[in-house]
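> quick one, fold the following:
(one chain, ligands or ions: 1)
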Amino acid sequence: MAKFTIQQMRKMKESGEKISMITAYDYSQAVLVEKAGIEVILVGDSLSMTMLGNEGTVSLTTDEMIHHIRPVVKGAPSPMIIGDMVFGSYNESISQAISNANRLMKEGGCDAIKLEGGRPEVVRAIVDAGIPVQGHIGLTPQTASLLGGFKVQGKSLESAKKLLDEAKSLEDAGAFSIVLECVPEELGRAVSEAVSIPIIGIGAGRYCDGQVLVFHDMLGLFDKFVPRFVKQYKQIGEEIVQALQDFNEEVKQEQFPSEEHVFSGISKEDIEEISKLS
Ligand code: KIV
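Take a look at the predicted model:
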């Protein structure tokens, strides 16, 4: 299948067809997403928790992000692949932001980058440098402590207006899409209607132009914390634990390997020779 493009994404918004986006962080996950026909992969900084076992996203480095983008690019040729700008990689200066965005594109090989916060000046500069940018507003995990923790955003009139303004200014700055995280459904709808670029919701209700979920959350692979907006389509984690327990038990009981998993082919005479040696 051909690579999914920004233009196709825009057309889907115009026609009302919903856009699916999912995180993936390695080759085998990317192959599964490719097979499922999902349009967009985000190599999200959530990998800091799901893949690297960190407490949050702040310590993740650009080198680590690139390390994870590369195998995803190899495993999923059709979806648009978006690399997440990590905390501290775009908050010092415009030139720092451009050079780290360049790194994700050149060294990682992704098709676009995402960055958190209503920062139109940074988005404009990266877009002007030739790099497609997806914004991310609402609950922004990298700066959650400034927002009072992992809470629903935009509940007051003032904060809802601020989010609407941020969405419009990111669109004006040239962002091709925006992730809108953890806001009331009515605000998700209002933001989606207020801009012409696709709004991809996560915990932002049913009326966004598309939806994104974290791979590990939707498959039951990460049980430290499951936000209310996540639908767990499977409990793969439990199935994996069961399979590992079965393997462990069968090894102890000498049931694995059984005849079908072993090789034969040495002649009786050679076996006698070999046993003399041991
Ligand atoms: O890092 C991530 O996985 C994200 C999604 C929650 C949108 O930013």
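> and the residue of this structure closest to the ligand?
Residue nearest to the ligand within the chain (C-beta to the nearest ligand atom): residue 44, separated by 2.4 Å. C-beta here means a position set from N, CA and C on the backbone, and glycine is covered the same way.
> dump the residue contacts of that residue.
Going by C-beta atoms under 8 Å, 6 or more residues apart in numbering, residue 44 touches 23, 25, 84, 114, 214.
> host element of the fourth one?
Put plainly, it is residue 114. Following DSSP states H and E, the helix or strand that holds residue 114 is strand 112-116.
> from residue 110, how far off is residue 102?
Noted for residue 102: a distance of 11 Å to residue 110, by C-beta to C-beta, to the nearest Å.
> who has more neighbours, those two?
residue 110 (27 against 15; other C-beta atoms under 10 Å).
> the strand or helix carrying residue 41 - contacts with which helices or strands?
Using DSSP H and E, residue 41 maps to strand 40-43. If you count contacts as 3 or more C-beta pairs under 8 Å, 6 or more residues apart in numbering; DSSP states H and E, strand 40-43 packs onto strand 19-23, helix 62-75, strand 80-84, strand 210-213.
> helices or strands next to the last one in the packing?
When you say that, I think you mean strand 210-213. When contacts are defined as 3+ C-beta pairs under 8 Å, 6+ apart, strand 210-213 packs onto strand 19-23, strand 40-43, strand 199-202.
> let's see 6 Å
If you count contacts as 3 or more C-beta pairs under 6 Å, 6 or more residues apart in numbering; DSSP states H and E, strand 210-213 packs onto strand 19-23, strand 199-202.
> deepest of those strands, which one?
The highest mean neighbour count among the helices and strands packed on strand 210-213, using mean count of other C-beta atoms under 10 Å, belongs to strand 199-202: a mean of 27.
> look at residue 150 and say how many residues are nearby.
Counted by other C-beta under 10 Å, the residues lying close to residue 150 total 14.
> distance-wise, check it relative to residue 225.
The value you get for residue 150 to residue 225, if C-beta to C-beta is used, is 8 Å.
> what segments of the chain are helices?
Per DSSP state H, the chain carries helices over the ranges 6-15, 27-36, 47-50, 62-75, 94-103, 120-128, 157-172, 185-194, 215-218, 236-252, 268-277.
> can those helices go into CSV with extra columns for distance to the ligand and mean pLDDT?
Shown next, in CSV, are these (distance: least, C-beta to the nearest ligand atom, whole Å; pLDDT from 0 to 100):
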stretch, distance to the ligand, mean pLDDT
helix 6-15, 15, 98
helix 27-36, 12, 98
helix 47-50, 7, 97
helix 62-75, 10, 98
helix 94-103, 16, 98
helix 120-128, 16, 98
helix 157-172, 15, 98
helix 185-194, 14, 98
helix 215-218, 9, 98
helix 236-252, 18, 98
helix 268-277, 55, 89
